[in-house]
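**Q** how would this look folded up:
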Amino acid sequence: MKRKVGIMGGTFDPIHNGHLLLGEEAYRQFALDEVVFMPTGIPPHKAGKKIADAADRKRMVELAVANTAYFSCSDMELMRHRTTYTAETLTLLKEKNPDTEYYYIVGADSLDQMDGWYHPEIIFQKAVILAAMRQTQTAEEFENAKKMLETKYHASIQLLRCPLMPMSSSQIRAHIQRGISVEKYLPQFVWEYIKEKKLYYN
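**A** Numbers count the residues shown, from 1 in each chain. Predicted coordinates:
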């Protein structure tokens with residue numbers, strides 16, 4: 001029987017409870033063996049933008065997943081020290097673990113954008129996509145986006161049912177800058193790390 005592994009990529013700047021909930025729901029709904037949280041090195045859509053150091057983002061992910069046995073953190077993309085692409089990552093993973101079935105977990109706004117990603121045909125070939133719906137999206141809109149990608153790329157896309165995310169990473173950073181409490185949106189150890197390192201305060 002093939003091992004089923006979820007991959008959750010992202011800048012994780014910072015990782016928050018919504019990310020963990022998405023991973024939890026993917027694990028539960030699709031009977032995964034493990035969910036790997038993989039901080040991106042330099043994401044192509046954020047080239048030139050200010051993001052926290054890779055070491056800090058990695059450490060926050062490690063702290064966030066430490067107490068969940070089926071969660072782990074991978075620095076695979078961080079170690080490439082350049083712009084990283086999901087297509088390359090999934091290709092390397094499949095070469096290393098050909099008997100593993102990979103499930104790539106995407107948040108609410110990613111499915112509509114995937115057609116414009118770097119080599120989307122490779123992504124859809126190497127992994128099943130687990131996609132959450134956007135807050136403003138109807139079931140019909142989701143199905144239309146899903147069908148387009150399935151037809152164009154022979155993709156396998158599944159709806160990941162998940163409660164709406166109350167706060168994004170960018171909103172959390174903005175709140176910290178303004179001195180507004182974000183403690184309830186973050187794992188405790190992540191919040192303590194942010195305060196200790198004074199991340200996002202200016």
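**Q** quick one: residue 171 and residue 144, what's the gap?
**A** Distance from residue 171 to residue 144, counting by C-beta to C-beta, to the nearest Å: 28 Å. Quick note: C-beta positions are derived from backbone N, CA and C, even for glycine.
**Q** how long is stretch 94-113 from one end to the other?
**A** Stretch 94-113 has its terminal residues 23 Å apart, counting by C-alpha to C-alpha, to the nearest Å.
**Q** cool, and stretch 71-79?
**A** 20 Å.
**Q** buried residues in that stretch?
**A** 71, 72, 73, 74, 75, 76, 77, 78 (16 or more other C-beta atoms under 10 Å).
**Q** just those residues: which are in strands?
**A** If you go by DSSP state E, the buried residues of stretch 71-79 have 71, 72, 73 in strands.
**Q** for the residue lying farthest from the centre of the chain, give its distance to residue 170.
**A** For the chain, the C-alpha farthest from the mean C-alpha position belongs to residue 179; by C-alpha atoms, centre = their mean, that distance is 26.5 Å. Taking C-beta to C-beta as the measure, residue 179 falls 17 Å from residue 170.
**Q** over to residue 197?
**A** Using C-beta to C-beta, we find residue 197 at a distance of 19 Å from residue 170.
**Q** more neighbours: the two, which one.
**A** Between residue 197 and residue 170, residue 197 has the larger neighbour count (other C-beta atoms under 10 Å), namely 14 against 10.
**Q** doesn't residue 53 make contact with the more buried one?
**A** No - between residue 197 and residue 53 there is no contact under C-beta atoms under 8 Å: 9.3 Å.
**Q** where's the spatially closest residue to residue 86 that is not a sequence neighbour, which helix or strand?
**A** Nearest residue to residue 86, sequence neighbours excluded (C-beta to C-beta, 6 or more residues apart in numbering): residue 123, at 5.4 Å. Assigned by DSSP states H and E, residue 123 belongs to helix 120-126.
**Q** and what of residue 37?
**A** strand 34-39.
**Q** helices or strands up against that strand?
**A** On a contact count with 3 or more C-beta pairs under 8 Å, 6 or more residues apart in numbering; DSSP states H and E, strand 34-39 meets strand 3-10, helix 17-29, helix 54-65, strand 71-73.
**Q** quick check: angle from that strand to strand 3-10?
**A** 20 degrees (axes from the mean of the first three to the mean of the last three C-alpha atoms, to 10 degrees).
**Q** so what touches strand 34-39?
**A** The contact list for strand 34-39 (C-beta atoms under 8 Å, 6 or more residues apart in numbering) reads 3, 5-12, 15, 19, 23-24, 26-27, 54, 57-58, 61, 64-65, 70-78, 89, 105.
**Q** so where is this structure shaky, pLDDT-wise?
**A** Low-confidence segments of the chain (pLDDT under 70): 43-48, 108.
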